[in-house]
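Undergrad: no letters, just coordinates:
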């Protein structure tokens, strides 16, 4: 079997392209070397293949079910969560002072890429817990960290983010879950939470000993009413089991009301959770889910959103790696499946050729490669920005990295979600009829990956974030920073990529013109109406920049290799077949198209 | 519930746009009037909703299963097949002299559109039988027609096309199924067929009394060897049950070897069939599936391919209507689902608005509409060409229609398959998380429709047909005919669509330049390598032409109406957001890009 994720590609991207060696040389990472990173990635690659991949299909074929004890998942998941934590991956990038390994985020992302290539749904349980633990570690009290983070670090407990309600998905300001003050204890100010949360991934299951929910809820005013909008939202730790001082745990008033049955991503439970019904569980003889506030009253959304960069990059990486696995499967299939003959070969008595020899199949594989490796590169690039923002030598460089990261985060979420899926679509097409059957993994990857443009902010929400916040309110000059980095890649273009560099210069010029139009006074409504088209143009420009930069790095490698030619070919593919689309996507922006503002609902 | 297919749209397309009234005025259709057509469409609409729609989901949730008697399907299918035939739809467009109703093909397509909007998989059993019956009716003997076509007309039997084998999917010349002469009887020259056929849709099931297979096989030469390539292929009628002279039927040597389990389209059995194994059934005490040749030896492929226009338009129509149903579901959802507020509304205490009010959702719905109605229009347009080719007043007009149809057929198959699916993808996105659950039909439509870019010739195969045969060997000047029709639509553009007309003129110019490059001596290999990109450009240009033409027809309607504004808006959407992509897809052709010819498999 081919490697689930080509190690040579990861090494090339980490060291030849992103210069991880320079990051590792910083004092912050004094305990880490290329040797220790290599060992970590070796372990990730081994575990991905030996533990995660074998239950990829089973998780789909034996989806979770619900009985009166709650949700049940395949038994493979519990040991996976445990071994992931025990091998140090859970808290790999957490600072050593809170119990982590303190590796660069870039290294953590590279390790995650291996697990993700094997089985994103299985990995999700751990990754959702990481997000939960990261928030509590950053904003919680020492006691809260001790009680709720440590067991997650150890892979014994897991965690969720409980934001959405049936009437409040993208519009979180409309949540109606309530939190009523209920005294105070060593874990902080205590509340009783009541309400119903929808779409809670890993919200209930039997793969860990406890589930720590981070719940957005509103504290009613003296009149008993909730403050409208996002300002009224606070955030609470609400565990499934309440840990008592003596080490025992009692059941909290949190009940699984139902499982959503999804097209894909089946291994991950997706739950409707009732908090505070008081019918089955009444902790300390009272209805209401016991929870402890984190941070100040009304700070729920800012706290939650401070985790957003990592969360969105994480979703993007998962989508990228599902696309990548599809690419690798299609590649293997195309090399072995024989069908047809070369266009010139007129003798039907000659043997059929491997379909990888057909130009159309090669085009599809190049698209798969350019999409999935481009998406992976984008995730790695943004991960490096997180490291830059955290540990670069000067405050200026750190601030710049942070600004750039803010600008790129909507792209880092949306582009891999759209193009990882596109890679999976193509992977099915390469397989022909076989790819449409449940015998091949590519169909499951396609179903699984269709989730990603929806959750953690839809593509449309990312577009509004990009245009409405990052482009229109670019107080830090993030777009100029990006343009500067692109200009550097263009200036340093290898001679063999001069044409690509010139094309990139041209589309950046078009993009900047479009931004000038967007930023004109009075243009906001039209700009927001066409935001998704702008996001597509912007995303392709960013990935074009990354491919040029990767192409440059490939040219700079001394030895001739398939890897080198492959990266340069994917770069050229992207510029030939994909970059011309930028102009098309910018057309509605450049012409300030008002169509969707003028069209009336009843005409549709 | 909204209409499954908006009748006003169908009437508008048939009469205002395609001038069905003029066709009905011809002597050929003397028995038909707008009144009789209306009644037929009324029946189709009623049956679609009352009989086809109710089992749409059940067909997915209770997929066919296999036991020793063969494949079993949901019990709803048998009466559907019967009632479809009894209502006259099966043979609606067949000439009256062979037992049909003799309606224009365009009317038949419009009727099919209603059934397809409700349940394409259920309809497939009848439609595969129609294709089978049409071939036998055209190429079979009187006796063969009597025995094998009549019971299909009556909805008692069904039929298949058995072309593919595991080693021969797109490359039919490589089939190895054999037919050995076995005498002659009143049904013609008899053979014993042996071999294994793969991917046979409705190849076995219990929803009809018999299944008539049309099997491609090779007759060995005197040396026992098969003639390599497509020239050696003949075509045979091989029924599951052999009808005897006394009316009894005995089981033929055709055995279901396995069912393919697919991502979608589950209600339709997809079979691996063994012919002539001789283990379970030995008709007349001998191994070998009994079959009768149709047409001359070696004419199997030309005969089969003479049905290709109808077959491919049919697949396109199904894909279009699945996309259309997704659009209508998304529209209904968007009108009722409340989420968020208008960009200017700052007061979070105001009620949430229906999501159709959001510009991004409106853009998605416009895309859905432009894709699915555009695809439907393409199917109808090509159906009218079939009528023109059959019954237009002069030989010249008939020949022109036939030439145009040949040019458009790959587009009529591929474009709806790609963009009907795109509409389903968007329909999920409009639904948000709900669309990803199995509770909503849009997820099933997305899985079902993913089949269409694969079967009946993949998108890549259509591209090779378009470039290799229709563009490079355009002896009849089909492209000039198309360009002429487009020019007429541009010249007649309504004043409100002058900008769209000008943009269309521009892309046609670009397309013609690309064709000039393709047709240069020595350009064939590069042109074929980039054929799929050309197909995309060509397909969008064709659909752009149709939308302009529809927009013109809408402008010409006297009364102001939502329908009129809706068609014009979809036309404008297509020109603003989609037509600019043509330039991008032509880029590899214009630059004669050799990338995929130069890239080596091992680089990928």
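TA: Alright, I've got the coordinates. Predicted model only: the values in this text are computed from it and were never measured.
Undergrad: OK, contacts around the nearest residue to residue A:546 once chain neighbours are set aside?
TA: Once flanking residues are discounted, residue A:546 sits nearest to residue A:377: 4.9 Å by Cβ to Cβ, 6 or more residues apart in numbering or on different chains. Any C-beta I mention is one placed from the backbone N, CA and C, and that applies to glycine too. Under the criterion of Cβ atoms under 8 Å, 6 or more residues apart in numbering or on different chains, the contact list for residue A:377 reads A:13, A:17, A:543, A:546-547, A:550.
Undergrad: most neighbours of all those, which one?
TA: residue A:547 (28 neighbours; other Cβ atoms under 10 Å in any protein chain shown).
Undergrad: and the residue nearest to residue A:546, helix, strand or coil?
TA: Residue A:377 falls in the helix class when you classify it by DSSP: H, G, I helix; E, B strand; the rest coil.
Undergrad: distance-wise, check it relative to residue B:525.
TA: The gap separating residue A:377 from residue B:525 is 32 Å, by Cβ to Cβ, to the nearest Å.
Undergrad: centre-most residue in chain A?
TA: Geometric centre of chain A, nearest residue: residue A:315, 1.4 Å, by Cα atoms, centre = their mean.
Undergrad: just confirm it contacts residue A:453, I think it does.
TA: No - in this structure residue A:315 lies outside contact range of residue A:453 using Cβ atoms under 8 Å: 9.7 Å.
Undergrad: spit out the residues that contact these two alike.
TA: Common neighbours of residue A:315 and residue A:453 are listed as residue A:417 (criterion: Cβ under 8 Å, 6+ apart).
Undergrad: any chance of TSV for the contacts of residue A:377, columns distance to residue B:493 and pLDDT?
TA: Shown next, in TSV, are the contacts of residue A:377 (distance: Cβ to Cβ, whole Å; pLDDT from 0 to 100):
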residue	distance to residue B:493	pLDDT
A:13	51	98
A:17	51	98
A:543	38	98
A:546	42	98
A:547	40	98
A:550	46	98
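Undergrad: burial measure for the residue of the stretch 101-250 of chain A found nearest chain B, as a count.
TA: Per Cβ to the nearest Cβ, residue A:229 is where the stretch 101-250 of chain A lies closest to chain B, at 2.9 Å. Counted with other Cβ under 10 Å, the neighbours of residue A:229 add up to 18.
Undergrad: same check on residue A:36?
TA: By other Cβ under 10 Å, the residues close to residue A:36 number 15.
Undergrad: check which helices and strands the helix or strand hosting it sits against.
TA: Using DSSP states H and E, residue A:36 falls within helix A:34-47. Applying 3 or more Cβ pairs under 8 Å, 6 or more residues apart in numbering or on different chains; DSSP states H and E, we find helix A:34-47 packed against helix A:7-11, helix A:20-24, helix A:105-139.
Undergrad: which residues does the helix or strand following it contact?
TA: Once the chain leaves helix A:34-47, the next helix or strand it forms, by DSSP H and E, is helix A:56-61. Identification of contacts with helix A:56-61 by Cβ under 8 Å, 6+ apart yields A:73-74, A:76-77, A:118-119, A:121-122, A:264, A:266-267, A:441, A:444, A:447-448.
Undergrad: so which bits of helix A:56-61 are buried?
TA: Neighbour-count burial for helix A:56-61, counted by 16 or more other Cβ atoms under 10 Å in any protein chain shown, picks out A:56, A:59-60.
Undergrad: mean confidence score for it?
TA: Helix A:56-61 shows a mean pLDDT of 98.
Undergrad: could you give the separation of it from the chain centroid?
TA: 21 Å (Cα atoms, centre = their mean, to the nearest Å).
Undergrad: quick revisit: let me know the closest of the buried residues of helix A:56-61 to chain B.
TA: The closest of those, once distances to chain B are taken by Cβ to the nearest Cβ, is residue A:60, at 11.1 Å.
Undergrad: picking up where we left off before, now, which of the contacts of helix A:56-61 lie within helices?
TA: A:77, A:118-119, A:121-122, A:441, A:444, A:447-448 (DSSP state H).
Undergrad: from those, which are also near chain B?
TA: residue A:447 (Cβ under 8 Å from any Cβ of the partner chain).
Undergrad: now the ones in helices among the contacts of helix A:56-61 in TSV, with neighbour count and pLDDT?
TA: TSV is the format used below for the ones in helices among the contacts of helix A:56-61 (neighbours: other Cβ atoms under 10 Å in any protein chain shown; pLDDT from 0 to 100):
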residue	neighbour count	pLDDT
A:77	26	98
A:118	25	98
A:119	28	98
A:121	25	98
A:122	28	98
A:441	20	98
A:444	23	98
A:447	24	98
A:448	29	98
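Undergrad: can you give me every residue that contacts residue A:239?
TA: By Cβ under 8 Å, 6+ apart, the contact list for residue A:239 reads A:148, A:210-213, A:252.
Undergrad: so which of these belong to helices?
TA: Among the contacts of residue A:239, no member falls in helices (DSSP H).
Undergrad: who wins on neighbours among those residues?
TA: Highest neighbour count within these: residue A:211, with 29 neighbours (other Cβ under 10 Å).
Undergrad: hmm, back to that, right, and out of the contacts of helix A:56-61, which lies closest to residue B:47?
TA: residue A:447 (31.7 Å; Cβ to Cβ).
Undergrad: now the residue of the stretch 251-400 of chain A found nearest chain B: which helix or strand?
TA: Residue nearest to chain B within the stretch 251-400 of chain A: residue A:348 (2.8 Å; Cβ to the nearest Cβ). Per DSSP H and E, residue A:348 falls between elements, in no helix or strand.
Undergrad: quick check: the gap between it and residue B:218.
TA: Per Cβ to Cβ, residue A:348 is found 11 Å from residue B:218.
Undergrad: repeat for residue A:349
TA: Distance of residue A:349 to residue B:218, given as Cβ to Cβ: 13 Å.
Undergrad: neighbour count for those two, which is higher?
TA: A count of neighbours by other Cβ under 10 Å puts residue B:218 above the other of residue A:349 and residue B:218, at 25 against 9.
Undergrad: ok, now how distant is that one from chain A?
TA: Distance of residue B:218 to chain A, computed by Cβ to the nearest Cβ, to the nearest Å: 11 Å.
Undergrad: check contacts around that residue.
TA: The contact partners of residue B:218, by Cβ under 8 Å, 6+ apart, come to B:175-179, B:226-227, B:232-234.
Undergrad: buried subset of those as a PyMOL selection?
TA: This is the PyMOL syntax for the buried subset of these, where burial follows 16+ other Cβ under 10 Å:
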select buried, chain B and resi 175+177+178+179+226+227+232+233+234
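Undergrad: in helices, which of the contacts of residue B:218 fall?
TA: Counting by DSSP H, the contacts of residue B:218 place none of their members in helices.
Undergrad: residue A:293 in helix, strand or coil?
TA: State at residue A:293, reduced to three classes by three-state DSSP: strand.
Undergrad: please name the nearest non-neighbouring residue to it.
TA: The shortest distance from residue A:293 to any non-neighbouring residue, by Cβ to Cβ, 6+ apart, is to residue A:189 (5.0 Å).
Undergrad: how close does that neighbour sit to residue A:291?
TA: For residue A:189, the distance to residue A:291 equals 10 Å [Cβ to Cβ].
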